[in-house]
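S.K.: Generate a structure from the sequence data that follows.
(chains A and B)
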Amino acid sequence: MNPQLNLRRILFVEDDPDIQTVAKMALEALGGFTVLACSSGAEALAEVCGFAPDLVLLDVMMPGMDGPTMLTALREMPAGRFIPVVFMTAKVQTQEVCRYRALGAEEVIAKPFDPMSLSDRVRAIWSGLQSRGPQGPALAAGVAS
Amino acid sequence: MSPPAPGSPADGDLDGSALDENSLYAYFAQRLPERLREVDEGWRLVRETGWSEEAVKTLHRLAHSLAGAGATFGFLTVTEAARDLEKPLKAVVQNAAPHPDETVVEGLLDALHRAARPADGAPQPAPDHPEAATAAPVEAAAGAEPVHLVVLLLESDPDLSAQLARQLGRFGYRVRQLAGIDEIEEEMAHEAPRAILMDLDAPAPPPDRAQRIATLRRRNPAVKIAFLSSRTDLEARLEAVRAGGEAFFTKPVDVGTLVERLDLLTGHGPGEPYRILILDDDPDLVGYYAEVLTAAGMQAMASGDPLEIMDSIAAFQPDLILLDVYMPTCAGSEIAAVLRQREGTLSTPVVFLSTENGIEEQLAALSLGGDEFLTKPIAPRHLVAAVTARARHSRLLRSLIANDGLTGLLNHSTLIQRIESEVSRASRFGGALSCAMLDVDHFKRINDDYGHAAGDRLLRSLSLFLKQRLRRSDIIGRYGGDEFAVLLPHTDAHTAHQVVSGICQSFSQIRHHVGTMTYTATLTGGVATYPGLSSPEMLVEAADHALYVAKRAGRGRVEVYSP
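M.R.: Numbers count the residues shown, from 1 in each chain, chains lettered A, B, ... in the order given. Got it, this is the predicted structure:
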């Protein structure tokens, strides 16, 4: 990961079509990002090379390949090894968040999220990643606020 | 761009340049019918495949997604109902429980459909004609949960019939207006209503009316029958009793009294769900019990640490505590003994759960303050039955002490306690908590013009109306005089304002009867929200201040507190 990059391209992986629509819309219209929305982990993995996202927003619970499984598969791809991944889940107890971090997720966004402030939240996470420096993410403990 | 998922909406439905809460709401409102259809289809597959694993998984996922999407778009009642549906399915998916009875699922589906209909629970402009929403046809369901309250109405005066249907509709009943007893028989062949309201003075009733009503009653003993009449003599009342009537209303009918009696007769007054605190060191078991109880319509809070139980009790105010006998840090019986020494929990029932089979050990645990002993593993049905019976008793005892005599709502001191515990709950678990103060406009004048009995009836009618229109988890109390307080957990100021405005608007359309006179009454409201206001006192004061501002601004409106 090169944290000096500006955040431009987001790969958004979420099986719910309505959440997908509204999040893409909000991230594009309010955040100015370029967003590619995918409905499944398999679909998203197939897009990683071509789309080259700066960040992946990943739903934890999806049919077929779930978020953690997709993250593992992503880390095994040369193009996906250093792309920061943020999980989106309703389970944000400390224990769960620690588990997701241990799996390699940078942050956890609680669901349901507010579409209107999603872009700000994503930007805040991104600048957090930058401030951690180029050696990669620290395994910070505690619940994502 | 990837191909859209099945059922995926066109992007054009949302305009990115004008994205705001209203457009989000409108977008999802338009998507909801399709989402519900998917869930219905999922349920059809579950039934047709005899609960195949695949079909249950799909339905569980659909319910789960709908809950998440509902919350994202601010459809909180949809989320709540979808979660209720998700829970028993999750237990099946995880092999933690046998599949629930189909009527239970149908009941939950029905509740989901109702939650998705335009109502006060969703953040939306208040509907101009709330009765239009309640008139929508809904399939039959015989769930254990309170589903819909169908009332058949046989009234020969079409104006009165339409008026009653509209007014009962505002109290959550769905009224079918029928023209004759033949139609009642026909209607009951495919769906049993909660109650039948019949005009005793119908011109030229069929000569065998009493007999036919008796037959209907025999076939459907649960259906309650009430008569309306403009006569008040004993003869009319006798006639009604002989025809199988269980209630008798004289015209003009006061809708508040009518609803109160209907609620009593049908046993369907909306109540808050029972709150059950579960303490067990096995997280899987705790989760399982919580799911079983939640699926039965209760609120469950799970705790794995006995030393935290006092905090949990203060925040959650349980009606009943389920206690594991063996836990690492201290024994369940010790906890029970401690609970019995504290005034606040002196009367809270404690039910032990244990694999303990020996009668001596059970008796020992009970002697320390437990009320019942359940042996693990316990069947869900048994758990629900044991917990419900105890919780109901505990709730009844508490309500006798805590409720206002006139309205049956929480009284002032209990209300204050609940505000304190809700604020503490919100600060512990996060989330917004809105408090609304409602006041009847010109109540003194109503008392002066129509008498104090009419004023009392109006307050009762308002309290019923609030109970019907708010969620079961909302807390309603009589703050004093004609001032009511409503606590809306997990509700932000914007939503609270819309909910309360909707209620005020609908209530102002109800005609109240006093003898042959009728009048309408308006409400003024003030809303304040935690966080932002950090103490219970500040929250109440702020809501009261907003109410004052709304009164000054001309009454019949709702204001949100701004410092």
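S.K.: OK, contacts around residue 51?
M.R.: Just going to use chain A. A:9, A:11, A:36 (Cβ atoms under 8 Å, 6 or more residues apart in numbering or on different chains). From N, CA and C alone the C-beta is placed, and that goes for glycine too.
S.K.: you looked at the wrong chain, it should be chain B
M.R.: Listed by Cβ under 8 Å, 6+ apart, the contact set of B:W51 reads B:92, B:99.
S.K.: And the pLDDT at it?
M.R.: pLDDT for B:W51: 92.
S.K.: returning to that earlier point: so which of the contacts of A:F51 is the most crowded?
M.R.: Neighbour tally across the contacts of A:F51 (other Cβ atoms under 10 Å in any protein chain shown): the maximum, 25 neighbours, falls on A:L11.
S.K.: In a strand, it, correct?
M.R.: Yes - per DSSP: H, G, I helix; E, B strand; the rest coil, A:L11 lies within a strand segment.
S.K.: And the residue nearest the centre of the chain?
M.R.: Unless you meant another one, I'm taking chain A. Per Cα atoms, centre = their mean, the C-alpha nearest to the average position across chain A is that of A:L57, at 2.3 Å.
S.K.: ah, no, chain B please
M.R.: Against the mean C-alpha coordinate of chain B, by Cα atoms, centre = their mean, the closest residue is B:R472 at 3.4 Å.
S.K.: averaged over its residues, what pLDDT does whichever strand or helix holds B:L374 have?
M.R.: Taking DSSP states H and E as the definition, one finds B:L374 inside strand B:372-375. With pLDDT averaged residue by residue, strand B:372-375 scores 78.
S.K.: name the helices or strands packed onto the strand or helix carrying B:E186?
M.R.: Using DSSP H and E, B:E186 sits within helix B:181-190. Here helix B:181-190 touches strand B:149-154, strand B:173-178, helix B:209-219, going by 3 or more Cβ pairs under 8 Å, 6 or more residues apart in numbering or on different chains; DSSP states H and E.
S.K.: Residues in contact with that helix: which ones?
M.R.: Outside helix B:181-190, the residues within contact range by Cβ under 8 Å, 6+ apart are B:140, B:152, B:154, B:176, B:178, B:193, B:196, B:205-206, B:209, B:212-213, B:216, B:219-220, B:223.
S.K.: So for that helix, what gets flagged as buried?
M.R.: B:181, B:184, B:187-188 (16 or more other Cβ atoms under 10 Å in any protein chain shown).
S.K.: how about the helices of chain A, start to end?
M.R.: A:17-29, A:41-51, A:67-76, A:94-103, A:118-131 (DSSP state H).
S.K.: So which of those helices is nearest B:L374?
M.R.: Among the helices of chain A, the nearest to B:L374 by Cβ to Cβ is helix A:94-103 (28.3 Å).
S.K.: Is chain B within reach of the closest one?
M.R.: No - figure legend: helix A:94-103 not in contact with chain B (Cβ under 8 Å from any Cβ of the partner chain); closest approach 9.7 Å.
S.K.: how distant is that helix from the center of its chain?
M.R.: The chain centroid and the centroid of helix A:94-103 are separated by 14 Å under Cα atoms, centre = their mean, to the nearest Å.
S.K.: what comes up buried for it?
M.R.: Buried positions in helix A:94-103, judged by neighbour count with 16+ other Cβ under 10 Å: A:96-98, A:100-101, A:103.
S.K.: now swap in stretch B:445-461 and tell me
M.R.: So, applying 16+ other Cβ under 10 Å, buried residues of stretch B:445-461: B:446-447, B:450, B:454-455, B:457-461.
S.K.: avg pLDDT for it?
M.R.: Mean pLDDT, stretch B:445-461: 88.
S.K.: Put the alpha carbons of stretch B:553-563 into CSV.
M.R.: Listed next in CSV are the C-alpha coordinates belonging to stretch B:553-563 (Å, rounded to 0.1, in the frame of the first residue of the first chain):
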residue,chain,number,x,y,z
ALA,B,553,-46.3,29.5,17.9
GLY,B,554,-50.0,28.8,17.7
ARG,B,555,-50.7,25.2,19.0
GLY,B,556,-51.6,22.2,16.9
ARG,B,557,-48.0,21.7,16.0
VAL,B,558,-44.8,19.9,17.0
GLU,B,559,-41.4,21.7,17.6
VAL,B,560,-38.0,20.2,18.1
TYR,B,561,-35.9,21.6,20.9
SER,B,562,-33.1,23.9,19.8
PRO,B,563,-31.0,25.5,22.4
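S.K.: which of the residues in that stretch are buried?
M.R.: Buried, per 16+ other Cβ under 10 Å, within stretch B:553-563: B:556-561.
S.K.: again with stretch B:471-478
M.R.: For stretch B:471-478, by 16+ other Cβ under 10 Å, it's B:471, B:474-478.
S.K.: Work out the gap between that stretch and the centre of the chain.
M.R.: Averaging C-alpha positions (Cα atoms, centre = their mean) puts stretch B:471-478 9 Å from its chain's average.
S.K.: Give me the contact list for it.
M.R.: The contact list for stretch B:471-478 (Cβ under 8 Å, 6+ apart) reads B:77, B:80, B:121, B:270-273, B:299, B:404, B:406-407, B:409-412, B:414-415, B:418-419, B:422, B:459, B:463, B:466-467, B:470, B:484-489.
S.K.: mind listing which of the residues you listed are in strands?
M.R.: Among these, the members found in strands (DSSP state E) are B:299, B:484-489.
S.K.: Name the SS class of the residue nearest to the centre of chain B, please.
M.R.: Here B:R472 is recorded as coil under three-state DSSP.
S.K.: ok, back up a step: so which pair among the ones in strands among the contacts of stretch B:471-478 is furthest apart in space?
M.R.: B:Q299 and B:F484 (22.9 Å).
S.K.: Quickly note the distance from the residue nearest to the centre of chain A to B:T79.
M.R.: 21 Å (Cβ to Cβ, to the nearest Å).
S.K.: same thing with B:V286?
M.R.: Separation of B:V286 from B:T79 (Cβ to Cβ): 23 Å.
S.K.: Looking at the contacts of stretch B:471-478, which are in helices?
M.R.: In this view, the contacts of stretch B:471-478 that belong to helices under DSSP H are B:77, B:80, B:412, B:414-415, B:418-419, B:422, B:459, B:463, B:466-467.
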